[in-house]
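Student: need a structure here:
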Amino acid sequence: MLNYFKLNLLKKGVQTSSYPDEPFYPPEAFLGCPELDLARCTRCGRCVEACPASSLTMVPDGLQLDIANCLFCAACARICPECITMGKAFELSTKCREDLKVVFYNE
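Tutor: Okay, here's the model as predicted:
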C-alpha cells in the first residue's frame, strides 16, 4: 500500500463523474445487453444452448431474453456473431421483473 503513495499512483481530488447529470460513455470493451437480429437468424438454437444462465429461450415467435438472469458474458455472441452482438445498454433497472423479459420477434 505504501508503494502507491511513493509512486504517486493515487490521484488527489474527486475521481468520479456526476452521473446522471453527466452522461456515461462506456469503454470500447464494455459488454452491455445482448442485441439480436432475428432477420438473419436460422433458429438453430446454438445460442440457447451456449447461455450458461439459461436467459435465452426459444418461443414460437422468436427468441426471449431474460435480462434479469443474463450474465452479460457474451457466450451467445461468440457462438452466433452474425445474429447477436453485445450492445452498450447498461441502464436496465425496472420496477417489475417481467419488464426484463424481452422477446425478439421474427419479421
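
Student: Nearest spatial neighbour of residue 73, chain-adjacent residues omitted?
Tutor: Spatial nearest neighbour of residue 73, chain neighbours left out: residue 52 (6.6 Å); criterion: C-beta to C-beta, 6 or more residues apart in numbering. Just so you know, the C-beta spots here come from the backbone N, C-alpha and C atoms, and that holds for glycine as well.

Student: for the one you found, what are its contacts?
Tutor: With contacts defined as C-beta atoms under 8 Å, 6 or more residues apart in numbering, residue 52 is in contact with 71, 73, 75.

Student: quick one: which of those is nearest to residue 48?
Tutor: Closest approach to residue 48 among the contacts of residue 52 (C-beta to C-beta): residue 75, at 10.7 Å.

Student: Let me know whether that closest one touches residue 51 as I believe.
Tutor: Yes. At 6.1 Å, residue 75 counts as touching residue 51 under the criterion of C-beta atoms under 8 Å.
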